[in-house]
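K.L.:
Model the following, please.
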Amino acid sequence: MGSCYLYSYTIFGELVAFLVGWNLILEAVITIALAAQSLSDHLDVLSDGQLAGWMRRDLGRLPWDQQSSPDIVAVGVIAVVAAAAICAKKKCSLTVQACLFVLHLLVVIAVIFLSLFHVNPSNWGTDSDFFRFGPQGVRMRHVLQSALRRLYDREDI
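P.N.:
Numbers count the residues shown, from 1 in each chain. The predicted structure is shown next:
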């Protein structure tokens with residue numbers, strides 16, 4: 001993160017470095033917010049909607065959007081990450097990054113493991129439409145989609 005800023009400052013000057021620096025900060029903020037929202041959504045699915053129901057029932061609704069409520073879990077995750085970033089010194093920033101990576105890895109493993117309880121084995125049978133063409137079909141579809149995107153220069157294909 002710092003190397004992009006330093007490179008742009010050295011090569012292009014202060015204005016470009018300023019824009020690159022704020023772009024990196026904005027990217028980090030958006031990434032943390034999306035990860036926190038995703039974690040909250042996964043916890044809500046695992047609790048069969050109890051978490052979102054509790055937030056809607058006890059915390060109320062947002063004034064500008066009557067369909068949603070404040071997401072306390074996402075706010076808590078963002079607060080923990082912000083506190084870790086503020087408290088981290090230059091020496092321990094690598095340690096903080098490693099801890100956050102391990103935490104992210106554990107959350108992904110937990111979601112995969114807990115999702116195994118929601119698997120419907122009938123979807124994997126030979127009579128279902130799931131994965132009916134095998135790995136070659138998946139590969140061929142990817143090749144065709146890539147070719148069509150390049151041919152028509154569109155992202156929605």
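
K.L.:
confidence score at the residue nearest the centre of the chain?
P.N.:
Geometric centre of the chain, nearest residue: Ala35, 3.8 Å, by C-alpha atoms, centre = their mean. On the pLDDT scale, Ala35 is placed at 82.

K.L.:
what's the answer for Ile86, then?
P.N.:
Reported pLDDT for Ile86: 70.

K.L.:
What of Gly60?
P.N.:
Predicted confidence (pLDDT) for Gly60: 69.

K.L.:
any chance you could map the helices in this protein?
P.N.:
For the chain, the helices defined by DSSP state H occupy 2-12, 14-46, 50-59, 72-87, 93-115, 134-152.

K.L.:
Dump these to TSV, plus distance to Pro121.
P.N.:
Glycine gets a C-beta too; all of them are placed from N, C-alpha and C. Formatted as TSV, the helices of the chain follow (distance: least, C-beta to C-beta, whole Å):
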stretch	distance to Pro121
helix 2-12	48
helix 14-46	20
helix 50-59	26
helix 72-87	31
helix 93-115	14
helix 134-152	18
